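Participant: Provided below are the primary sequence and the corresponding predicted coordinates.
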Amino acid sequence: LQVPCALSQPMAASESRRFTNKHSKKALKASLTLGILLGMFFVAWLPFFVTNVTQAVCGCVPAGFFDVLTWLGYCNSTMNPIIYPLFMRDFKRAMGKYLPCCRRSGEPRPCAISLSMRNSNSGPRALTSLKNVL
């Protein structure tokens, strides 16, 4: 026996596919960003660690070469603030909101009290209790 399908079921399947596609695109973008960040980390730091182990075993690595590889690793830390805004929209928005050089004209500067209230998951009730304590 087959149960006849309701008219709303094809619409639900369509919405489900759209929901799945949206989340799979987000997951793909997150995977790409993570892959780029990890790739940059390995490109920057793996030569340093391999050279460090080689230096411990044979002591045949010139000091200048070791310094160059150390600075290559430091450059990875410089690249992170460049990579994050390129691939993460939320990071770009936060940078624009909190850094004066990136803020659009007319946007208000965030207040430290409102930030702490927003992050503490407490509402006006916390202010009332704070007034009672003081």
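Facilitator: Cool, got the structure.
Participant: which other helices and strands contact the top helix by length along the chain?
Facilitator: When secondary structure is assigned using DSSP state H, the longest helix within the chain turns out to be helix 8-58. Under the contact definition 3 or more CB pairs under 8 Å, 6 or more residues apart in numbering; DSSP states H and E, helix 8-58 sits against helix 63-87. (Each C-beta comes from the backbone N, C-alpha and C, glycine too.)
Participant: relative to helix 63-87, how tilted is the helix or strand just after the helix it packs on?
Facilitator: Counting by DSSP states H and E, the next helix or strand C-terminal to helix 63-87 is helix 89-98. On the basis of axes from the mean of the first three to the mean of the last three CA atoms, to 10 degrees, helix 89-98 is oriented at 90 degrees to helix 63-87.
Participant: now do helix 89-98: which elements does it pack against?
Facilitator: Contacting helix 89-98 under the criterion 3+ CB pairs under 8 Å, 6+ apart are the following elements: helix 63-87.
Participant: please name the nearest non-neighbouring residue to residue 44.
Facilitator: In space, not counting the residues next to it along the chain, residue 44 is nearest to residue 76; the distance is 3.4 Å by CB to CB, 6 or more residues apart in numbering.
Participant: quick one: contacts for the one you found?
Facilitator: Residues touching residue 76, when contacts are defined by CB atoms under 8 Å, 6 or more residues apart in numbering, comprise 40-41, 43-45.
Participant: identify the farthest-apart pair in those residues.
Facilitator: Spanning the widest gap among the contacts of residue 76 are 40 and 45, at 9.3 Å by CB to CB.
Participant: selection in PyMOL covering whichever of the contacts of residue 76 are buried, please.
Facilitator: Those of those that count as buried under 16 or more other CB atoms under 10 Å are selected in PyMOL with:
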select buried, resi 40+44+45
